[in-house]
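Engineer: task: produce atomic coordinates for the following.
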Amino acid sequence: MKKKKVVTAASALFLTASIGIASAAVINGTPVPGFKFSNNGQAVTLSETPVNIDGHVYVPVRALSEASGKYVDYDAFNQSVALTDKPALLGKYALKDPNLAEGIKMGVGSSLTHIPGDPDNVFYSTADRGPNGQVDVNGTLVRTFPLADYAPTIYKIEIKDGTINILDRFPLKVNGVDPVSGKAEVTGLPNIKGRDEAPFDAKGEKELAYDPYGLDIEGLAYNAQDDTFWISDEYGPSIVHVKRDGTLIERIVPQGWASKVETPLVPARETLPAVYNKLRQNRGAEAVGVTQDGKYMFMAMQNALRNPDKTMDNSRQVRMIKFDLSTLKPVAEYVYQLEDASQFKDLVQGDIVVSDLVVVNDHTLLIDERDKFSGEKAQLKRIYAVDLTNATNVLGKFDDATAAGKTLEQMTVADLKANNIKPVSKRTVLDAIDFKFPYEKIEGVTLTNGDTLTIVNDNDFGVDSTIEGNGTELWQFKLPYTLK
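Structural biologist: Model prediction:
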């Protein structure tokens, strides 16, 4: 008797020359170990063995696609498979600017955007809140700010001859005097004592002042309709409206936030749902993007909210919210489901994060998802194209465990399906691990001409880094198709 091979539902996506993709189900078949496959005339080895069922040879879609040089993504919620051609690396560019101080490197790369009409090699970027680290003080880790007067800044940069050149700088400022800096420029210090991390001096001995206008900037987006920027901030979490010269206009914050701090120079618009107050520290509003027509803005959190508590740090559900820019009010909220950490080695779920987004159109985004590792330990550094078309709008729902049974963050995959919640669908457009991208933090992503993908890492000002040189690199890739 011939031995039969059982293929489980997790891998039972097959195609044949005659019937295309078969449904995901348990399939019994006879292995075909001698099956040969070539791509463009070159022999390749499949990662899984094809099977023969009733005279038809079935080849696993994933194995076939990977052998053909394609990414393959399976969407269990929509029962669909996406095959995507891999991009080509165009070039690498390094920042070589001098240090800000002894042991503190110059930094850009916490965000990246391109302004329509600018040369293709010119971008805008930011660093985050400034140099910061952690020191142990009597057994307790405290957050230190060795350059407490650093002003979070928008940088205009150019890439040329393998180098990132800084063309201009726009420190963020208020129309008046920041009470902590004593000048127009704001600081990167936390806003609210008892809510945000306590800031200390370089030695961790003296607690610093809290700055109501302080920003930990992560994402950067441009609105061509009014020639302004929008910045996502981890503290609030908030989204900040900024003039081209760096002057703060207004700040979108969660309901209830404004009662804890006074910001008369920058109006606080409490239009984010109150549930966003349950953010995990340093895992706030990480990414922001604006549609080309200026009608809508998207923001994504870095991690799951602590809703109802910090046991949700290992939840896979990240909230992505859509605003009508004419009213600054949210019109939709979607579930972005992070990759399952169990498929990786030595990686906990809470260390998989969203790091940036790009708006392609009002229903298509690019999302940067990564792990906390660098070098050979890195396993997840992907840019996904995200489709919102079939995703469920959960705005105002599943925020309260009492009303919903479980909060959105508490739900398993089975819970999402039981509540008819479809997360956004994802397909890979870049897996930077394939290209041996060496850094931990891809934090800036942008798209030019619909087919040139640019990424940059955040060097965290070189704090606690052992990397030689500045440690900031920008890489460009050509997509074999156009996103628009």
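
Engineer: name the residues of stretch 122-136 that are buried.
Structural biologist: The neighbour-count check on stretch 122-136 (16 or more other Cβ atoms under 10 Å) flags Val122, Phe123, Tyr124, Ser125, Thr126, Ala127, Asp128, Arg129, Gly130, Pro131, Asn132, Gly133 as buried. C-betas here are computed from N, CA, C, even on glycine.

Engineer: with stretch 366-373 instead?
Structural biologist: Of the residues in stretch 366-373, Leu366, Ile367, Asp368, Glu369, Arg370, Asp371, Phe373 count as buried by neighbour count, 16+ other Cβ under 10 Å.

Engineer: of the buried residues of stretch 122-136, closest to Ser355?
Structural biologist: Set against Ser355, the nearest of these by Cβ to Cβ is Asp128 (11.4 Å).

Engineer: pretty sure that closest one is touching Ser110, no?
Structural biologist: Yes: taking contacts as Cβ atoms under 8 Å, Asp128 lies within contact range of Ser110: 4.5 Å.

Engineer: now do the closest residue to Ala274 other than its chain neighbours: how many residues are near it, please.
Structural biologist: Spatial nearest neighbour of Ala274, chain neighbours left out: Gln255 (4.1 Å); criterion: Cβ to Cβ, 6 or more residues apart in numbering. A count of nearby residues for Gln255, using other Cβ atoms under 10 Å, gives 14.

Engineer: and which of the buried residues of stretch 122-136 is nearest Ala341?
Structural biologist: Asp128 (24.6 Å).

Engineer: that closest one and Ala184, how far apart?
Structural biologist: 20 Å (Cβ to Cβ, to the nearest Å).

Engineer: tell me where the model's unsure across the protein.
Structural biologist: Applying pLDDT under 70 to the chain flags the ranges 1-28, 37-42, 44, 57, 62, 66-67, 403-404.

Engineer: quick one: the helices in it?
Structural biologist: 61-67, 401-404, 413-418 (DSSP state H).

Engineer: name the residues contacting each of Asp128 and Ser110.
Structural biologist: Counting by Cβ atoms under 8 Å, 6 or more residues apart in numbering, the contacts common to Asp128 and Ser110 are Ile217, Glu218, Asp458.

Engineer: distance to Val32 and neighbour count added to those, as CSV?
Structural biologist: Below are these laid out as CSV (distance: Cβ to Cβ, whole Å; neighbours: other Cβ atoms under 10 Å):
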residue, distance to Val32, neighbour count
Ile217, 55, 26
Glu218, 50, 26
Asp458, 48, 25
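
Engineer: ok, the spatially closest residue to Asp434 that is not a sequence neighbour - how many residues close by?
Structural biologist: The shortest distance from Asp434 to any non-neighbouring residue, by Cβ to Cβ, 6+ apart, is to Lys86 (7.1 Å). The burial count assigned to Lys86 is 18, neighbours taken as other Cβ under 10 Å.

Engineer: swap in the one 3 residues further on?
Structural biologist: Here the number of neighbours of Leu89 (other Cβ under 10 Å) works out to 14.

Engineer: give the contact list for it.
Structural biologist: Phe435, Trp475, Gln476, Phe477.

Engineer: that concludes my questions; thank you for your assistance.
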